[in-house]
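Colleague: What follows is a predicted protein model with its sequence.
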Amino acid sequence: MVELEKAPGAEARREPGGRSDAEGCLAVAVRIPVRIVVLVLVVPVRLVWDALVVAGRFLRDAVLRPAGRALAWLARAVFVWPLVGLWRYVVVPLAKGAAWLGNVLLVVPVVWLYRWVLTPVGRALAWFCGWVGAVLAATGRGLYAGVVWLGRYLVVVPVVWLYRWVLTPVGRALAWFCGWVGAVLAATGRGLYAGVVWLGRYLVVVPAVWLYRWVLTPVGHVLAWCGRQVVRGAGLVVTGVGFVLYWTVRVLVVLPVLAVWRWVLAPAGRALAVVGREVADALGHAWRIAGYVSRAVGRFLGTLLRWTVLEPVRWVYRSVLTPVGHAVRDAVLRPLAEAARSAGRAARQALASARLSVRQARADVRRMLFGEPVRRQPVDRREPSGAETRTLGSSTTALTKD
């Protein structure tokens, strides 16, 4: 009994990759060969993949990024900087000059014309139109009052008299006559309606009710009973045919298909599922092992490349190229840079003097065309300046100032 009991830590001692379901002999027999074959096939693929990744990263960092930066700088130097210079030193000055000419040649004359010609003329026209409108309004009010008075005593009063003393009595007489004629016609219509109703009842309704009750109802009952019997017989025939077809299809189709599914397809599917699961697990294990192998190979190749290529190159750079570069920088590049800065300063001073000359010439032209600007006369302020302060012996008001 003790040997048959499950140990308390059996679940804890189960291997990490184990499954909860019981593994059969097929899974155990397939696992090791499949893992060996997959490992042999996957390791070269993983090595090639890691090599391609390293090559791609090196190509990106050493070739594509510098090439992209160089192309960006070239595009900026070929397209952006010329366009910026054209905009800043050609288009903007031309636009400012065009705006100044437009202001002088169009805006100023139009403003002067509007202020000193159109505005007075418009105000005069508005005053004249207002005066004419007032005169026409007064004349129209007088004409309207006269027309209203004439219409009242020539049209309204006669129409009211005609309506009150002629049309009203005639209308009342016609209403009384029409009411009397309507009463006579209503009495005659009621008699005719009663006669027609009596004839329709005894000539149409009574025969129709007798025909429905004693002829159509028995015939309908007989036909309904016959239809129910026909439907019941057809249902019995259809049920029998369906029963026969059901058992025929069940015996000839369903039972063979069920047997094939249960005894052939299901076992084959289980076996294929076990094989596929083991292949997937083997691929996972092989890919991880190939990763470890690829990392070890990569580290070995990196160390070999470092001690055979990088360290000699670094020693040459530090011991040979750096002193030569410092000497070239101190003997050649710094004097050239100083000369370039001096040339730049001279060019900037020349541009500043040229800009000042152009500004003075523009001011002279403006002074020649429009004259000297009006300077405001300084006004004496009666308030104390900010530098003065109030003391006991001085006054800062306008009335008591000394």
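Modeller: Structure's in. What do you need? Residues are numbered from 1 along each chain as shown.

Colleague: Kindly provide the distance from residue 129 to residue 77.
Modeller: In this view, residue 129 and residue 77 are 69 Å apart by CB to CB, to the nearest Å. C-beta here means a position set from N, CA and C on the backbone, and glycine is covered the same way.

Colleague: for the chain, what are the low-confidence residue spans?
Modeller: Applying pLDDT under 70 to the chain flags the ranges 1-30, 373-402.

Colleague: Scan it for its longest helix.
Modeller: helix 266-305 (DSSP state H).

Colleague: Remind me what that one packs against, helices and strands.
Modeller: helix 25-59 (3 or more CB pairs under 8 Å, 6 or more residues apart in numbering; DSSP states H and E).

Colleague: So which bits of the helix it packs on are buried?
Modeller: When burial is assessed from 16 or more other CB atoms under 10 Å, helix 25-59 yields the following buried residues: 27, 30-31, 34-35, 38-39, 42-43, 46-47, 50.

Colleague: Would you mind getting the angle between the longest helix of the chain and helix 25-59?
Modeller: 30 degrees (axes from the mean of the first three to the mean of the last three CA atoms, to 10 degrees).

Colleague: Could you look up the next helix or strand downstream of helix 266-305?
Modeller: Tracing the chain C-terminally past helix 266-305 and defining elements by DSSP states H and E, one meets helix 311-316 next.

Colleague: Tell me how far that next one lies from the chain's centre.
Modeller: 57 Å (CA atoms, centre = their mean, to the nearest Å).

Colleague: how deep is residue 290 tucked in, by neighbour count?
Modeller: Using other CB atoms under 10 Å, residue 290 has 21 neighbouring residues.

Colleague: if I pick the closest residue to it other than its chain neighbours, what's in contact with it?
Modeller: Once flanking residues are discounted, residue 290 sits nearest to residue 46: 3.3 Å by CB to CB, 6 or more residues apart in numbering. If you count contacts by CB atoms under 8 Å, 6 or more residues apart in numbering, residue 46 has them with 287, 290-291, 293-294.

Colleague: Out of the residues you listed, which end up buried?
Modeller: Applying 16+ other CB under 10 Å to these flags 287, 290-291, 293-294 as buried.

Colleague: what helix or strand does residue 225 sit in?
Modeller: Assigned by DSSP H and E, residue 225 falls within helix 217-249.

Colleague: elements contacting that helix?
Modeller: Under the contact rule (3+ CB pairs under 8 Å, 6+ apart), helix 217-249 is packed against no helix or strand.

Colleague: 36 is where my numbering starts, stick with that
Modeller: Yep, numbering from 36; the last one is helix 252-284 now.

Colleague: which element follows it toward the C-terminus?
Modeller: With secondary structure assigned by DSSP H and E, helix 252-284 is succeeded by helix 290-295.

Colleague: Report the backbone C-alpha coordinates of that following helix in CSV.
Modeller: This file holds the C-alpha atoms of helix 290-295, laid out as CSV (Å, rounded to 0.1, in the frame of the first residue of the first chain):
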residue,chain,number,x,y,z
LEU,A,290,-22.1,4.2,-39.4
PRO,A,291,-19.2,3.6,-41.9
VAL,A,292,-18.1,7.2,-41.6
LEU,A,293,-18.3,7.0,-37.8
ALA,A,294,-16.3,3.8,-37.8
VAL,A,295,-13.6,5.3,-40.1
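
Colleague: buried set for that helix?
Modeller: Buried, per 16+ other CB under 10 Å, within helix 290-295: nothing.

Colleague: Could you do stretch 173-191 as well?
Modeller: So, applying 16+ other CB under 10 Å, stretch 173-191 has no buried residues.

Colleague: quick one on the thing from earlier: let me know the closest of the contacts of residue 81 to residue 363.
Modeller: Within the set of these, residue 329 lies nearest residue 363; the separation is 44.1 Å, counting by CB to CB.

Colleague: Find the nearest non-adjacent residue to the closest one, please.
Modeller: residue 85 (4.2 Å).

Colleague: distance of that neighbour from residue 366?
Modeller: Counting by CB to CB, the gap from residue 85 to residue 366 is 48 Å.

Colleague: residue contacts, the residue nearest to residue 329?
Modeller: 326, 329-330, 333.

Colleague: Tell me who's in contact with the nearest residue to residue 324 once chain neighbours are set aside.
Modeller: Distances taken as CB to CB, 6+ apart place residue 74 nearest to residue 324, at 6.3 Å, with adjacent residues excluded. Neighbouring residues of residue 74 by CB under 8 Å, 6+ apart: 317, 320-321, 324-325.

Colleague: Let's see that with 10 Å instead.
Modeller: Remark: with contacts taken as CB atoms under 10 Å, 6 or more residues apart in numbering, residue 74 is in contact with 317-318, 320-322, 324-325, 328.

Colleague: From residue 218, how far out is residue 208?
Modeller: 16 Å.

Colleague: ugh, wrong one, residue 259
Modeller: 56 Å.

Colleague: got it, and residue 170?
Modeller: From residue 170 over to residue 218 (counting by CB to CB), the distance is 68 Å.

Colleague: what's the answer for residue 368, then?
Modeller: 132 Å.

Colleague: Verify the stated contact: residue 80 with residue 322.
Modeller: Yes - contact criterion CB atoms under 10 Å: residue 80 and residue 322 qualify, at 8.8 Å.

Colleague: Got phi/psi on residue 406?
Modeller: Per-residue torsions, residue 406: phi 80, psi 180 (degrees, to the nearest 10).

Colleague: Could you give the number of residues near it?
Modeller: Residues near residue 406, counting by other CB under 10 Å: 8.
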